[in-house]
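Colleague: What shape does this take:
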Amino acid sequence: MKRPKIKVTVTKEDTGYSANTLVGSNFVGTEAATFEELKANFLEALNLTFEDKGVVYAIEEIKFEYDLESFFDFYKVINAKALSERIGMNQSLLAQYIKGIKKPSALQTKRILEGVQQIGRELMEVSFLL
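Modeller: This is a model prediction of the structure:
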């Protein structure tokens, strides 16, 4: 059996996180209090789904996709105020997107994602004096 690519939607819930995907005709979903627990639960559920086919996935083979609220809840280290200044977005508007009060358009979501990815690229280039 050819191994399907796994793209998982992660959503922030009142009591933690949920994750789900559709692999062929198989729905795989789970929930957990923390993101680390969610990843472990999802991997277990996924591997149980394909156990009879002899397919075993590793966590590195799963791509987790977040809504904004989940992303900023998990990556608290990213300062929303600084990000809003960097991407030229009103801080209050970004905060409303992050809290789930307002839903950003695809263009706004892309703008936020590009800002986060730019920070990631810059961090990859950092080195410290030893």
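
Colleague: what kind of secondary structure is I98 in?
Modeller: helix (DSSP: H, G, I helix; E, B strand; the rest coil).

Colleague: burial count for the closest residue in space to it that isn't next to it in sequence?
Modeller: Counting by Cβ to Cβ, 6 or more residues apart in numbering, F72 is the residue found nearest to I98 once chain neighbours are left out, at 4.6 Å. The C-beta positions use only the backbone N, C-alpha and C, and glycine is treated the same way. Per other Cβ atoms under 10 Å, the neighbour tally for F72 reads 23.

Colleague: now what about the helix or strand hosting F72, what contacts it?
Modeller: If you go by DSSP states H and E, F72 is part of helix 68-74. Helix 68-74 is contacted from outside by 10-12, 17, 35, 66, 78, 80, 97-100, 104, 109, 112, 116, using Cβ atoms under 8 Å, 6 or more residues apart in numbering.

Colleague: Going through those residues, which ones are buried?
Modeller: V10, K12, Y17, F35, Y66, A80, Y97, I98, P104, I112, V116 (16 or more other Cβ atoms under 10 Å).
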